[in-house]
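*Asks:* Quick one: sequence plus predicted model below, questions after.
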Amino acid sequence: QLQLVESGGGLVQPGGSLRLSCAASGFTLDYYALGWFRQAPGKEREEVSCISSSEDSAYYADSVRDRFTISRDNAKNTIYLQMNSLKPEDTAVYYCTLFGSQSCRGGPRYWGQGTQVTVSS
């Protein structure tokens, strides 16, 4: 049974950094695109970033481009999201996802349980 477990969330001051991790079990991530979504209170869930299975392409939402970096370590069956220069509007629950395809053009198929990120002074 596939499980995606996020970690690394927490409280950080504006301008700070966090690194989210998502470890997969029961499944090999090698052949699938992986991504991060987030949902802030009262808002719809939005796609933050995605990386293809071959790592030859990555997508970033305009709101996080140049601040966030997605990466994957297939040997560890883990996906990461490095978040720098955090802003209060980045506050949300962050979910890692496994897409149903090798590219980011497909939609997410499996979801983690989410990890809270709060950016506040």
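*Replies:* Yep, that arrived. Numbering: from 1, shown residues only.
*Asks:* make it CA atoms for all contacts and neighbour counts henceforth
*Replies:* OK.
*Asks:* in stretch 47-65, what counts as buried?
*Replies:* Neighbour-count burial for stretch 47-65 flags 47-53, 58-60, 64 (criterion: 16 or more other Cα atoms under 10 Å).
*Asks:* and residue 42, how many neighbours does it have?
*Replies:* 6 (other Cα atoms under 10 Å).
*Asks:* got a list of contacts for stretch 92-100?
*Replies:* With contacts defined as Cα atoms under 8 Å, 6 or more residues apart in numbering, stretch 92-100 is touched by 4, 6, 22, 29, 32-41, 79, 106-118.
*Asks:* Just the buried ones from those residues, in ChimeraX syntax?
*Replies:* Here is the ChimeraX command that selects the buried residues among the contacts of stretch 92-100 (16+ other Cα under 10 Å):
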select :4,6,22,29,32,33,34,35,36,37,38,39,40,79,108,111,112,114,115,116,117,118
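*Asks:* Sitting in helices, which of the contacts of stretch 92-100 do you find?
*Replies:* Counted as lying in helices by DSSP state H, out of those, is not a single one.
*Asks:* Look up how far residue 120 lies from the most centrally placed residue in the chain.
*Replies:* Using Cα atoms, centre = their mean, the residue of the chain that lies closest to the mean C-alpha position is residue 36, 2.6 Å off. In this view, residue 36 and residue 120 are 21 Å apart by Cα to Cα, to the nearest Å.
*Asks:* Kindly report the same for residue 89.
*Replies:* Distance from residue 89 to residue 120, by Cα to Cα: 9 Å.
*Asks:* try residue 83
*Replies:* 15 Å.
*Asks:* Can you name the residues bridging to residue 25?
*Replies:* residue 3 (DSSP bridges).
*Asks:* wait, doesn't residue 47 sit right on residue 59?
*Replies:* No. The criterion here is Cα atoms under 8 Å, and residue 47 misses it with residue 59 at 9.2 Å.
*Asks:* what about the residue nearest to residue 114 when sequence neighbours are not counted, neighbour count?
*Replies:* Distance criterion Cα to Cα, 6 or more residues apart in numbering; nearest residue to residue 114, sequence neighbours excluded, is residue 95 at 4.4 Å. Residues lying near residue 95 (other Cα under 10 Å) number 27.
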